[in-house]
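Visitor: Got a predicted model here, sequence first, then my questions.
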Amino acid sequence: MKEQKPIDQKFAAYAISHVNEDHRPEMIDILKEICNADWVLDAELLSFDLHKMVVEGTDQKAKTERFEILFDPPLQNAKEFRPVLIEIVKKARQTKGHR
């Protein structure tokens, strides 16, 4: 098994900040449609690594729950996060359109 390099933390911090500033509706869609958390009113990307991202959903009473969304296959490097996230968003939107 090939040993993988750790995530570039500077890039990861930038990506997390960007997602949280500009793409919260997409994160809400992911939690609602992929994680079946239809109660979510807000979502925040907390972290990601090569295998998963951790997203916190918040309900109307400010109760929170953390969700791990696995990457299948795992990322090879941090720069793969963006295209993989776009695919997860597309999947969530397709699911949303079929309810």
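Guide: Yep, that arrived. Numbers count the residues shown, from 1 in each chain.

Visitor: Only C-alpha atoms from now on, for both contacts and neighbour counts.
Guide: Will do.

Visitor: So what would you say the end-to-end distance of stretch 46-55 is?
Guide: 5 Å (Cα to Cα, to the nearest Å).

Visitor: Repeat that for stretch 67-81.
Guide: Terminal residues of stretch 67-81 lie 17 Å apart, using Cα to Cα.

Visitor: ok, now stretch 51-69?
Guide: Note: stretch 51-69 ends 9 Å apart using Cα to Cα.

Visitor: ok, and what's touching that stretch?
Guide: Contacts with stretch 51-69, where a contact means Cα atoms under 8 Å, 6 or more residues apart in numbering, come from 27-28, 31, 35, 39-48, 70-75.

Visitor: repeat that for 6 Å
Guide: For stretch 51-69, the surrounding residues in contact (Cα atoms under 6 Å, 6 or more residues apart in numbering) are 39-47, 70-71, 74.

Visitor: Now do the same for it: mean pLDDT, whole number.
Guide: On average, the pLDDT along stretch 51-69 is 97.

Visitor: Remind me what the helix or strand hosting residue 46 packs against, helices and strands.
Guide: Taking DSSP states H and E as the criterion, residue 46 maps to strand 42-48. Using 3 or more Cα pairs under 6 Å, 6 or more residues apart in numbering; DSSP states H and E, the elements in contact with strand 42-48 are strand 52-58.

Visitor: Which of the residues in the lengthiest helix in the chain are classified as buried?
Guide: Longest helix in the chain, counting residues (DSSP state H): helix 81-97. In terms of neighbour count (16 or more other Cα atoms under 10 Å), helix 81-97 has its buried residues at 81, 84-85, 88-89, 91-93.

Visitor: before we move on, the earlier item: ChimeraX command to pick out the buried ones of the contacts of stretch 51-69?
Guide: Remark: buried members of the contacts of stretch 51-69, expressed as a ChimeraX selection using 16+ other Cα under 10 Å:
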select :40,41,42,43,44,45,71
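
Visitor: Including distance to residue 7, could the contacts of stretch 51-69 go into a markdown table?
Guide: Compiled in a markdown table, the contacts of stretch 51-69 are given as follows (distance: Cα to Cα, whole Å):
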| residue | distance to residue 7 |
| --- | --- |
| 39 | 32 |
| 40 | 28 |
| 41 | 29 |
| 42 | 26 |
| 43 | 22 |
| 44 | 19 |
| 45 | 16 |
| 46 | 14 |
| 47 | 11 |
| 70 | 15 |
| 71 | 14 |
| 74 | 12 |
